[in-house]
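*Asks:* I would like the atomic coordinates for the input below:
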Amino acid sequence: MSLAVQLGIVVGYLVLALGIGVVAYRVTTRSAEDYYLASRTLGTVVLLFTTFATLLSAFTFFGGPNISYRAGPEWILVMGLMDGVLFGILWYVIGFKQWVVGRAHDYVTLGEMLGDRFGSRGLRGLVAGISLFWLFPYVMLQQMGAGTALAGLTEGALPYWAGAGLVTLFMIVYVILAGMRGVAWTDTLQGLFMLGMIWAAMLWVLATVGGPEVLSEGLGTNAPEFLALGGGLYTPQFIISQAVGIAFGVTMFPQVNQRFFVGKSATVLKRSFTLWPVLVILLFVPAFLLGAWAKGLGVEVGESGNVLPVLLTQYAPGWFAALVIAGALAAMMSSSDSMLLSGSSYFTRDLYRPFVDPQVSDRREDWLGRVGVAVFAVAAFVASLFQPGTLIDIGSTAFGGFAQLALPVMVALYWRRTTRTGMLAGVGGSQAAYLASVFTSLLPSTIGGWDFTLVGMLIGLVLTVGVSWATHAAPDEDRTVYFEGLEAD
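*Replies:* Residues are numbered from 1 along each chain as shown. This next block holds a predicted model:
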């Protein structure tokens, strides 16, 4: 199949998504709330699929199958069953309360919600700064995935930098135009497309090789350990650490957390988090099985390569492989556009507005947000050219960093006695400990097989509760914000 046809399929998909963005731009007002939250009007299908598509990134399409290829299909338990269920529960426990509070007080970001409750510009800026710090490598992760995928699809004819640059340029144009409404609409299309393509890929491979019996025989020959549950990488400590760290981290991802504000009604929220585990399993099972099957089929993948494009190149025609890669790009772009949009809102609402210009007009804030999208995307693209670390390393590190925010936020939402000092201690202390474990040798990355992510989360919980218990509320704190005058209907 010619390079022109392969790229035509991918570019055609990008143009279709861009068309949706143009339509969204024409109905989006020039207000920050409409640009960032679509005026809180999303229904069940769009909210469910925009959250779904936002989470399904390069880590899912490439990192997950790579783990299954190298360590076995139990990664389905970590991401599919455990995180599907865990995040659904957290969406209810944290997300629903956050939706109620956000609707009552018109909050746009997590930092805004916390800063108002605790009367603290510093806490607001700290949460935004931490979020942007961890968001940057995850945006870069999507660009790395896009560059690698397109280079693999075209067998190097389109170099890594060109593929990453193409997708980055598209994302900048799209997000500047579309805002949350367009992102959510396109996410729905992308979510359905990627779900359909990954199932089609699984069925295609099954039909091509001769059915599940052939695949089982191949695993028995080339990777017999894959036929037994557990062992190797998959210790109980590893599985639980990864599942808890990823689920709690996802809950604090800016692009996910901000979706807790956008539901049209309580019914929309309840339907969405109830259906969530089913949707997640429908995607992860075929994606990660393909990775394990590739091992049984004897597919050879380089140390830094991604198994899914290699598998499809060998067992599917070029046009079909291009469609599946377009689905993977859809996953990456649906994450990246949401990250850029949320990162822009954290910059304008939680850093620029409180620290630079408290009286900034809504229209100027909207303009600053669009410029911020371009600056953030270009900076991440430049960093992605150096490919610092593998997809898994970068993704896992970001998950753990965001997970440190979850327990202090949960305590604040439900415990009246929480104080500003306690929040600053819990958020700052857990981040400091986690950073020391990741970037220095002062603290270990694991303790007894348990990832330090969990240890850092416990440090944050203990500090938030303990320091709050030992301190008094500041005069400008407002305990009523999360507990009075709220309606769930």
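*Asks:* can you count the residues close to residue 157?
*Replies:* Neighbourhood size, residue 157 [other CB atoms under 10 Å]: 12. To be clear about C-beta, it is placed using only N, CA and C from the backbone, and glycine gets the same treatment.
*Asks:* Residue 433 versus that one, what's the distance?
*Replies:* Residue 157 sits at a distance of 46 Å from residue 433 (criterion: CB to CB, to the nearest Å).
*Asks:* mind listing what residue 298 touches?
*Replies:* Residues near residue 298 by CB atoms under 8 Å, 6 or more residues apart in numbering: 218, 222.
*Asks:* Which residue ranges of the stretch 251-400 of the chain form helices?
*Replies:* Taking DSSP state H, counting those that start in this stretch as the criterion, the stretch 251-400 of the chain carries its helices at 254-257, 266-296, 307-315, 318-347, 353-355, 362-384, 391-414.
*Asks:* Next: the stretch 101-250 of the chain.
*Replies:* Using DSSP H, counting those that start in this stretch, the helices found in the stretch 101-250 of the chain span residues 110-117, 121-153, 160-209, 212-222, 236-252.
*Asks:* Dump those to a markdown table, plus mean neighbour count, mean pLDDT and distance to residue 43.
*Replies:* Shown next, in a markdown table, are those (neighbours: other CB atoms under 10 Å; pLDDT from 0 to 100; distance: least, CB to CB, whole Å):
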| stretch | mean neighbour count | mean pLDDT | distance to residue 43 |
| --- | --- | --- | --- |
| helix 110-117 | 24 | 96 | 23 |
| helix 121-153 | 24 | 86 | 27 |
| helix 160-209 | 21 | 84 | 10 |
| helix 212-222 | 14 | 89 | 38 |
| helix 236-252 | 22 | 92 | 22 |
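*Asks:* okay but residue 451 is in contact with residue 241, surely?
*Replies:* Yes - between residue 451 and residue 241 there is a contact under CB atoms under 8 Å: 3.7 Å.
*Asks:* How many residues are close by the residue lying closest to residue 269 once chain neighbours are set aside?
*Replies:* Leaving aside its chain neighbours, residue 269 sits nearest to residue 263 (4.6 Å; criterion: CB to CB, 6 or more residues apart in numbering). Per other CB under 10 Å, the neighbour tally for residue 263 reads 27.
*Asks:* and stretch 430-445, C-alpha only, in PDB?
*Replies:* Below are the C-alpha coordinates for stretch 430-445, written out as PDB (Å, rounded to 0.1, in the frame of the first residue of the first chain):
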ATOM      1  CA  SER A 430       3.300  14.300  49.700                       C
ATOM      2  CA  GLN A 431       4.500  16.000  46.600                       C
ATOM      3  CA  ALA A 432       7.900  16.600  48.100                       C
ATOM      4  CA  ALA A 433       8.200  13.000  49.200                       C
ATOM      5  CA  TYR A 434       7.200  11.700  45.800                       C
ATOM      6  CA  LEU A 435       9.500  13.900  43.900                       C
ATOM      7  CA  ALA A 436      12.400  12.800  46.200                       C
ATOM      8  CA  SER A 437      11.600   9.200  45.400                       C
ATOM      9  CA  VAL A 438      11.400   9.800  41.600                       C
ATOM     10  CA  PHE A 439      14.300  12.200  41.000                       C
ATOM     11  CA  THR A 440      16.700  11.600  43.900                       C
ATOM     12  CA  SER A 441      18.100   8.700  45.900                       C
ATOM     13  CA  LEU A 442      17.000  10.100  49.200                       C
ATOM     14  CA  LEU A 443      13.900   8.000  49.200                       C
ATOM     15  CA  PRO A 444      13.400   4.600  47.500                       C
ATOM     16  CA  SER A 445      11.000   4.100  44.600                       C
END
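*Asks:* before we move on, the earlier item: just so I know, which of the helices of the stretch 101-250 of the chain lies nearest residue 344?
*Replies:* Closest to residue 344 of these, according to CB to CB: helix 160-209, at 8.0 Å.
*Asks:* how far out from the middle of the chain is the closest one?
*Replies:* Relative to the centre of its chain, helix 160-209 is centred 14 Å away, using CA atoms, centre = their mean, to the nearest Å.
*Asks:* report the angle between the axes of that helix and helix 362-384?
*Replies:* When axes from the mean of the first three to the mean of the last three CA atoms, to 10 degrees is applied, the directions of helix 160-209 and helix 362-384 differ by 80 degrees.
*Asks:* what comes into contact with stretch 10-21?
*Replies:* Applying CB under 8 Å, 6+ apart, the contact partners of stretch 10-21 are 150, 153, 170, 173-174, 177-178, 182, 185-186, 189-190, 193, 322, 325-326, 329-330, 333.
*Asks:* Also stretch 85-96?
*Replies:* 243-244, 247-248, 250-251, 257, 259-260, 266, 269-270, 272-274, 276-277, 280, 406, 409-410, 413, 488.
*Asks:* Out of the residues you listed, which end up buried?
*Replies:* Among those, the ones that count as buried by 16 or more other CB atoms under 10 Å are 243-244, 247-248, 250-251, 257, 259-260, 269-270, 272-273, 276-277, 280, 406, 409-410, 413.
*Asks:* contacting residues for the residue nearest to residue 269?
*Replies:* 40, 42, 47, 99, 269, 272.
*Asks:* I'd like to know how far it sits from residue 40.
*Replies:* Residue 263 sits at a distance of 7 Å from residue 40 (criterion: CB to CB).
*Asks:* Name the residues contacting each of these two.
*Replies:* By CB under 8 Å, 6+ apart, no residue touches both residue 263 and residue 40.
*Asks:* thinking again about what came up before, could the helices of the stretch 251-400 of the chain be laid out in JSON lines, adding distance to residue 163 and mean pLDDT?
*Replies:* Shown next, in JSON lines, are the helices of the stretch 251-400 of the chain (distance: least, CB to CB, whole Å; pLDDT from 0 to 100):
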{"stretch": "helix 254-257", "distance to residue 163": "22", "mean pLDDT": "92"}
{"stretch": "helix 266-296", "distance to residue 163": "21", "mean pLDDT": "90"}
{"stretch": "helix 307-315", "distance to residue 163": "12", "mean pLDDT": "85"}
{"stretch": "helix 318-347", "distance to residue 163": "9", "mean pLDDT": "78"}
{"stretch": "helix 353-355", "distance to residue 163": "36", "mean pLDDT": "91"}
{"stretch": "helix 362-384", "distance to residue 163": "10", "mean pLDDT": "85"}
{"stretch": "helix 391-414", "distance to residue 163": "15", "mean pLDDT": "86"}
